[in-house]
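Enquirer: starting from these lines, generate the structure:
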Amino acid sequence: MKRIFLTFLLFSFLAQITSCKENDIKQVDENASQLKVPFGDPFILLWQGEYYAYGTASPDGIAVYISDDLQSWTIPDGTVNGLALNKADVWGDRWFWAPEVYAINGKFYMYYSADEHICVATSDSPLGPFRQEVRKPMLETEKSIDNSLFIDDDGTPYLFWVRFNDGNNVWVAQLDKNLTNLKPETMLHCISVSQPWEEIWPRVNEGPFVIKRNGTYYLTYSANSYESQMYGVGLATAANIAGPWTKYENNPILQKPGNLFGVGHHALFTDKENRLRIVFHAHNSLTKIHPRQMYISKVNFENKNGKEIMVIDNNYITPVIKSK
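Expert: The predicted structure is shown next:
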């Protein structure tokens, strides 16, 4: 009976975690924190001189904000309830997390997870509405999250995402040229928990994002539970996209900058001045996780002992919501 009771408590706790994660926007307090952009798992797209931010926030889909300077953001006209993706237009009805949007050949592709399955939807505008012509996950046979697109120099598209078969761990596979179908036969494991700083409960390597620079692949990821104040960003590199991936010995490269806690699930992007940036979320405060909030910093590369290393500036900026 004691074992059954403990199991019940564990499942109740996990259910509360999931409920919190999907309701970031609903939990905005009546204080100054509501002026910040209430996004978990944020992503920023620069398109035709305008920045578009997407993130985990609404239980009804994926929200979007726009800005021309990265500092002040507004809910754009032409959206319904500020949503770029509405759950009525896609597979799944809950847990819309971790969106990324890419402009390719005149079409916009949004990669995201719904009900703990990786999905992709398309639109003719970065504001949406994003829809699925065929309403199904990219990988129907198992739960997975945090899918991120990478297109190599030769034009081959790859999807990085997180599987649950060793805690949360990162995998990669090729996509068909339509950018919506995964090739299961090409699936390869990239990284799992393997460094001491990552070993705060539970086993988590998630939120992958990949860029290529001077022939080297840079895989940035988040480790530890997103609820932990020690959530942070790590780095792994490889000479080949199939690996092996080697984690940076001085990880994490971002953790508790300034007065922020629970920092992670990020994306990299290039700003209008062609500078590499990182957008990430942090906890609401020292004592509250939700609603998580969006922050932006600069990314540089430094030579250390003959090796180029990615360095994230701890001097972040705090985006705010501007009234129209």
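Enquirer: Gly78 against Leu127, yeah?
Expert: Yes. If you go by Cβ atoms under 8 Å, Gly78 and Leu127 touch, sitting 5.7 Å apart. Bear in mind the C-beta positions are built from the backbone N, C-alpha and C, glycine included.
Enquirer: and the gap between Thr220 and Leu70?
Expert: Going from Thr220 to Leu70 by Cβ to Cβ, to the nearest Å gives 19 Å.
Enquirer: neighbour-wise, which of these two wins?
Expert: Using other Cβ atoms under 10 Å, the more surrounded residue of Thr220 and Leu70 is Thr220, with 25 against 18.
Enquirer: export only the CA atoms of stretch 313-324, formatted as PDB.
Expert: Taking C-alpha atoms only, stretch 313-324 is exported to PDB below (Å, rounded to 0.1, in the frame of the first residue of the first chain):
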ATOM      1  CA  ASP A 313      28.000  37.100 -23.000                       C
ATOM      2  CA  ASN A 314      26.600  37.200 -19.500                       C
ATOM      3  CA  ASN A 315      25.400  40.800 -20.200                       C
ATOM      4  CA  TYR A 316      21.900  39.900 -21.500                       C
ATOM      5  CA  ILE A 317      19.100  42.200 -22.500                       C
ATOM      6  CA  THR A 318      15.600  41.900 -21.200                       C
ATOM      7  CA  PRO A 319      12.900  42.200 -23.900                       C
ATOM      8  CA  VAL A 320       9.600  43.900 -22.800                       C
ATOM      9  CA  ILE A 321       6.100  44.100 -24.200                       C
ATOM     10  CA  LYS A 322       5.200  47.500 -25.600                       C
ATOM     11  CA  SER A 323       1.700  48.800 -25.700                       C
ATOM     12  CA  LYS A 324       0.500  49.900 -29.100                       C
END
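Enquirer: returning to that earlier point: more neighbours: which of Gly78 and Leu127?
Expert: The residue with more neighbours, out of Gly78 and Leu127, is Leu127; 19 against 8, by other Cβ under 10 Å.
Enquirer: wait, is that one part of a helix?
Expert: No. Assessed with DSSP: H, G, I helix; E, B strand; the rest coil, Leu127 is coil; it does not lie in a helix.
Enquirer: that one and Ile66: what is the separation?
Expert: Separation of Leu127 from Ile66 (Cβ to Cβ): 8 Å.
Enquirer: need the overlap of contacts for these two.
Expert: When contacts are counted by Cβ atoms under 8 Å, 6 or more residues apart in numbering, the set common to Leu127 and Ile66 consists of Tyr52, Pro76.
Enquirer: please, where are all the strands along the stretch 151-300 of the chain?
Expert: Here the stretch 151-300 of the chain has its strands, by DSSP state E, counting those that start in this stretch, at 157-163, 169-174, 188-191, 205-213, 216-223, 232-238, 246-247, 264-270, 276-282, 293-304.
Enquirer: how about low-confidence regions in this structure?
Expert: 1-34, 324 (pLDDT under 70).
Enquirer: tell me, how many residues neighbour Ile321?
Expert: Close neighbours of Ile321, defined as other Cβ under 10 Å, add up to 15.
Enquirer: phi, psi of it?
Expert: Dihedral pair for Ile321: phi -90, psi 130, per degrees, to the nearest 10.
Enquirer: that one against Val37, yeah?
Expert: Yes. Using Cβ under 8 Å, Ile321 is in contact with Val37, at 6.1 Å.
Enquirer: touching both of those two, which residues are there?
Expert: Taking Cβ under 8 Å, 6+ apart as the criterion, Ile321 and Val37 both touch Tyr65, Trp73.
Enquirer: returning to that earlier point: tell me which of the strands of the stretch 151-300 of the chain sits nearest to Asp41.
Expert: Among those, the nearest to Asp41 by Cβ to Cβ is strand 264-270 (4.4 Å).
Enquirer: that closest one packs against which elements?
Expert: Applying 3 or more Cβ pairs under 8 Å, 6 or more residues apart in numbering; DSSP states H and E, one finds that strand 264-270 contacts strand 40-47, strand 205-213, strand 216-223, strand 232-238, strand 276-282.
Enquirer: pairing partners for it, with directions?
Expert: Applying DSSP bridges, strand 264-270 is found paired with strand 276-282 (antiparallel).
Enquirer: which residues touch the strand it pairs with?
Expert: Outside strand 276-282, the residues that touch it by Cβ under 8 Å, 6+ apart are 39-44, 53, 55, 70, 233, 254, 260-271, 292-300, 312.
Enquirer: which of those residues are buried? Put it as a ChimeraX command.
Expert: Buried members of the contacts of strand 276-282, defined by 16 or more other Cβ atoms under 10 Å, are picked up in ChimeraX with:
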select :39,40,41,42,43,44,53,55,70,233,254,260,261,262,263,264,265,266,267,268,269,292,293,294,295,296,297,298,299,312
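Enquirer: show me the contacts for the closest residue to Asn169 other than its chain neighbours.
Expert: Among residues not flanking Asn169 along the chain, Ser192 sits closest, at 4.0 Å (Cβ to Cβ, 6 or more residues apart in numbering). Ser192 is in contact with Asp166, Gly167, Asn169, Val170, Arg203, Asn205, counting by Cβ under 8 Å, 6+ apart.
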